[in-house]
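**Student:** When you get a sec, could you give me coordinates for this:
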Amino acid sequence: MELSPALRALLEKQTFGHVITMNRDGSPQVTLVWVEVRDGMPSFNTNQTRQKGRNLARDPRVMMSVQDPDNPREYALIEGTAKVSTDTAIDQINRLAGKYTGTAQYPNFQPGEVRITVDIEVARVTGRGPWVA
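**Tutor:** All right, here's what the predicted structure looks like:
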């Protein structure tokens, strides 16, 4: 599903996402993430060994909620399938650090850690705002 121009604009703001993945026991796991649009899809970055990374390796179903920082009553809930890659993950986390902290490099990178890029292939968008059809 292609992102609407309004949803793309929301994700390009300094908007935080809440990513929901499924733990092994079926319970939800929620994490705050930095977001961007990459190759036309909502995208975020994480360390491969964090819970959300482990969950997505096992079950690629993912949801992300984003709230408009300029109008907190408006939000989008994005449902889809995670496409995980390590290819450009370091570049992405540095780009996101620039967007959210103004630094040229991600300040918390640890030697040896494996970063992953998670692009969300969108299946459905709900919520409240101009991005909902």
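
**Student:** Of all the residues in the strand or helix carrying Asp91, which ones are buried?
**Tutor:** Under DSSP states H and E, the secondary-structure element containing Asp91 is helix 89-101. Of the residues in helix 89-101, those scored as buried under the neighbour-count criterion (16 or more other C-beta atoms under 10 Å) are 89-90, 92-97. From N, CA and C alone the C-beta is placed, and that goes for glycine too.

**Student:** ok, which stretches of the chain are strands?
**Tutor:** Counting by DSSP state E, one finds strands in the chain at the ranges 16-22, 28-34, 36-38, 41-47, 61-67, 75-85, 115-128.

**Student:** which non-adjacent residue is nearest the residue nearest the centre of the chain?
**Tutor:** For the chain, the residue nearest the mean C-alpha position is Phe44 (3.4 Å; C-alpha atoms, centre = their mean). Leaving aside its chain neighbours, Phe44 sits nearest to Val33 (4.1 Å; criterion: C-beta to C-beta, 6 or more residues apart in numbering).

**Student:** you'd agree that neighbour is up against Pro42?
**Tutor:** No. With contact defined as C-beta atoms under 8 Å, Val33 and Pro42 do not form a contacting pair (10.0 Å).

**Student:** No further queries at this time; thank you.
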